[in-house]
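Need a 3D model of the sequence below.
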Amino acid sequence: MRQRSKERCATSCFLTAIISAPKAGRSTRWPTRAIPFPPRKVISIVFTPSTGDAALSTRIISRAPRAVRELVAREKYDIVHVHTPVAAFVARFALRGLRAAGQVKVVYTAHGFHFFKGNSKIKNGLFIALEKLAGRWTDRLVVINREDYDAAQKHRIVPRENVALMPGIGVDLSRYSSGAVSDAQVAAARREMQLMPQELYLLMIAEFNPGKRHRDAVRALARIEEPRLHLAFAGQGPLFAETQALARRCGVEKRCHFLGQRDDVPALLKGAAAAVLPSEREGLPRSILEAMAMGTPAIGADVRGTRDLLAGGCGTLVPVGDTEALAHAFHAVFGAPAPCREHVRRASEKVKNYAIERLQKMHEQLYAGLLSSAPAPRQKKR
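Numbers count the residues shown, from 1 in each chain. As a prediction, this is how the structure comes out:
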């Protein structure tokens, strides 16, 4: 009974209309906006298994196609918008018949393809083949960075005219604003880390998983003999304890602060000397967007998504895995404030293009266009 209950709960998670799961190191709050063309119905599907039980997740996924198909047919959704690789593939497979019959339109947002420059050729070939297969069951493909846009065109994941480039998930510029955070909130965050007035901290907001490369940030800090410079980590994940152990081995445990999941990210960003993201793969990193909005200098690895945001003098880009270059960027926060101020100025202008209101309007236009178009024809194999 308990196992069935867990499966029902997790399956409902797969089918929830909008899932606001905590992401990276923050507790998430999403602004809402009514779709302006009732009585049309739109559902967004993601998959966020939280049990840690691989066998359970496999059973859920095996049952998901039928559950998705029955839900969409019963509720008569006009558009299904899928996110995350597993949910996106399974849902599109499940709905291919309804879509071919003209009963539903399917949108897929790729939050960073799993094939990318620097990945192995075998893995890239596999993921390209899967994306092309699922592309046959897709009316619109939304990508969130230039590299993925070019790749979708090059590999013809969907017809060229059905690819849209959008500004990620957007950023709430009213919440992520320096003026929205009080000095008292910043002071409270500093007190929690027991920082002295002369000490500065860099902030990394990311789940502790291998691809985020927290280890690079720790090793870069260890290269700097500057006791006033600290490093704060907001987030949780499987490598949390391992990263703490690395900080101890590198002799910087007193300068590393592991803050866990947070609901005060704007205050942490306002107080930080810079935001850091050395990850090896991104879609369009939200933490960098938030730093840009807050007027906090940003340092990131030179990968897709991060590059889209920080190129053009909006921040500092370093090669993936280059801890020496990362350490140099850390130290520049102390020694070269003028370039940082120029980065912040440019970033503050650029981030306006990623405002959540703009993203919402783009989705409304996308949905309206789909609802006014003819039923999707069956696509021949490309």
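
Quick one: the helices in the stretch 101-250 of the chain, in order.
Counting by DSSP state H, counting those that start in this stretch, the stretch 101-250 of the chain has helices at residues 121-135, 146-155, 183-192, 214-222, 240-249.

Please identify the most buried of the ones you listed.
Per-stretch averages of neighbours, counted by mean count of other CB atoms under 10 Å, single out helix 214-222 among the helices of the stretch 101-250 of the chain, with a mean of 24. The way it works is simple: take the backbone N, C-alpha and C, and place the C-beta from them, glycine included.

Could you give the average pLDDT over that helix?
The average pLDDT within helix 214-222 is 98.

Counting by contacts, list what that helix packs against.
The contact analysis (3 or more CB pairs under 8 Å, 6 or more residues apart in numbering; DSSP states H and E) places helix 214-222 against strand 200-205, strand 229-234, helix 240-249, helix 323-335.

Arg190: what's its closest spatial neighbour, skipping adjacent residues?
Gly271 (5.9 Å; CB to CB, 6 or more residues apart in numbering).

Need the per-residue pLDDT for the one you found.
For Gly271, pLDDT reads 97.

so who does it touch?
Val186, Ala189, Arg190, Tyr201 (CB atoms under 8 Å, 6 or more residues apart in numbering).

TSV please, covering those residues and showing pLDDT and distance to Gly251.
Converted to TSV, the contacts of Gly271 look like this (pLDDT from 0 to 100; distance: CB to CB, whole Å):
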residue	pLDDT	distance to Gly251
Val186	98	28
Ala189	97	25
Arg190	98	23
Tyr201	97	18
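
Turn those into CSV, columns for distance to Met294.
Output for the contacts of Gly271, formatted as CSV (distance: CB to CB, whole Å):
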residue, distance to Met294
Val186, 11
Ala189, 13
Arg190, 16
Tyr201, 14
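
quick one: which of these is nearest Lys105?
Taking CB to CB as the measure, Lys105 lies nearest Ala189 of the contacts of Gly271, at 44.7 Å.

residues in contact with the closest one?
So Ala189 contacts Asp264, Ala267, Leu268, Gly271 (CB under 8 Å, 6+ apart).

change it to 10 Å
By CB atoms under 10 Å, 6 or more residues apart in numbering, the contact list for Ala189 reads 181, 195, 201, 203, 232, 257, 259, 262, 264-265, 267-272.
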